[in-house]
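**Q** structure of the sequence below:
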Amino acid sequence: MNPYLDIIFRCFAVYIFMIIAMRITGKTELAQLSVIDFVLILLISNSVQNAMVGDNITLLGGLIAAGALFILHGFFKISLYYSKSFRSLVQGEPLLLIYNGVVNEKNLRSARLPQGELEAACREHGVEEVEQVNLAILETDGNISILSSNFHSRTQHQRKVKHRKPIINESKIFKKNDNK
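**A** Below is the predicted model of the structure:
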């Protein structure tokens with residue numbers, strides 16, 4: 001087999017393996033990297049390098065490996081955009097964590113999300129108690145979206161306070177070009 005085709009095949013295999021491994025380990029690891037997550041990423045990148053390029057440590061071998069990863073990544077991004085079933089398979093579905101102040105324990109367990117992290121996410125969104133949350137969802141990217149009953153009024157207040165005069169003169173932006 002051509003050594004450069006071998007590198008491309010190895011890159012594809014490692015990329016697919018990493019996607020499956022990240023999918024299995026859960027979404028919450030993606031949103032916030034802890035120290036152990038960061039160390040894992042550093043060590044994995046070093047350990048899979050040899051698996052991708054094998055004995056070929058030339059510049060061309062490294063560039064082919066990087067190019068193969070970019071191409072595969074682009075293919076995955078396009079596939080995720082156009083195929084809902086592929087997106088669901090790779091990224092999963094959002095999980096309902098809280099509905100009308102009641103925590104969905106089953107979804108919390110399936111996401112392997114400790115109650116304390118959910119409470120911390122509520123506080124980050126300006127909600128003091130879980131009971132005040134109307135809706136909390138673990139998004140496919142690992143972030144937790146939280147909507148509370150005071151969300152709408154707080155947003156309206158912020159809009160009124162932040163209403164200012166535009167910095168840019170809009171008439172100059174939309175002025176016709178008379179040089180034609």
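**Q** right, and residue 96 touches residue 106 too?
**A** No - using CB atoms under 8 Å, residue 96 is not in contact with residue 106; the gap is 9.8 Å. (Each C-beta comes from the backbone N, C-alpha and C, glycine too.)
**Q** who's more crowded, these two?
**A** residue 96 (13 against 10; other CB atoms under 10 Å).
**Q** related to what we said a few turns ago, any common contacting residues for residue 96 and residue 106?
**A** Common contacts of residue 96 and residue 106 (CB atoms under 8 Å, 6 or more residues apart in numbering): none found.
**Q** can you tell me how far residue 149 is from residue 39?
**A** From residue 149 across to residue 39, the span is 40 Å (CB to CB, to the nearest Å).
**Q** ditto for residue 122
**A** 28 Å.
**Q** more neighbours, those two?
**A** Taking other CB under 10 Å, residue 122 and residue 39 do not tie; residue 122 has more neighbours (22 against 11).
**Q** helix, strand or coil for that one?
**A** helix (DSSP: H, G, I helix; E, B strand; the rest coil).
**Q** likewise for the one 4 residues further on?
**A** Put simply, residue 126 is coil when judged by three-state DSSP.
**Q** how many neighbours does it have?
**A** 12.
**Q** same check, this time on residue 69
**A** Around residue 69 there are 16 residues (other CB under 10 Å).
**Q** how about residue 104?
**A** Residue 104: 15 neighbours (other CB under 10 Å).
**Q** quick one: pLDDT of it?
**A** What the model reports for residue 104 is a pLDDT of 93.
**Q** that one against residue 96, yeah?
**A** Yes - the criterion here is CB under 8 Å, and residue 104 meets it with residue 96 at 5.6 Å.
**Q** okay, domains of this structure per the record?
**A** The chain is divided into the following domains under automatic domain parsing: 3-91, 95-162.
**Q** how far does the last one sit from the chain's center?
**A** Read it as domain 95-162. Between the centre of domain 95-162 and the centre of its chain there are 18 Å (CA atoms, centre = their mean, to the nearest Å).
**Q** residue 45 sits in which helix or strand?
**A** Using DSSP states H and E, residue 45 falls within helix 35-53.
**Q** which residue is nearest the middle of the protein?
**A** Closest to where the C-alpha atoms of the chain average out (CA atoms, centre = their mean) is residue 141, at 3.3 Å.
**Q** please consider this matter closed, and thank you.
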